[in-house]
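Trainee: Got a sequence here, can you model it:
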Amino acid sequence: MTATNSKTAIVWNPGADISAKMADLGDRDYENFVCVETANAADEVITVLAGAQYQIAAQYAVE
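Mentor: A predicted model of the protein is given here:
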């Protein structure tokens, strides 16, 4: 993953209980995926003032 304006990657999986409650996942879909997101967290928190904009982006590749 290559990110712009972010140094943090969040990797998560909902697990069995949450996956079973999610409308867009089957009960066992959690066994076959992982979610990777970019974010600003901890020391990277960005304050966006009213009317302002801030963009982060991520580019993913599977090799």
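Trainee: Name the residue closest to the centre of the protein, please.
Mentor: In the chain, the C-alpha nearest the mean C-alpha coordinate belongs to residue 37, at 2.4 Å (C-alpha atoms, centre = their mean).
Trainee: pretty sure that residue contacts residue 6?
Mentor: No - assessed by C-beta atoms under 8 Å, residue 37 is found out of contact with residue 6, at 9.4 Å. No exception for glycine: its C-beta is placed from N, CA and C like everyone else's.
Trainee: The residue nearest to the centre of the chain - nearest residue in space that isn't next to it in sequence?
Mentor: Closest residue in space to residue 37, ignoring its immediate chain neighbours: residue 10 at 4.7 Å, by C-beta to C-beta, 6 or more residues apart in numbering.
Trainee: what about the one you found, helix or strand, and which?
Mentor: Element membership for residue 10, per DSSP states H and E: strand 8-12.
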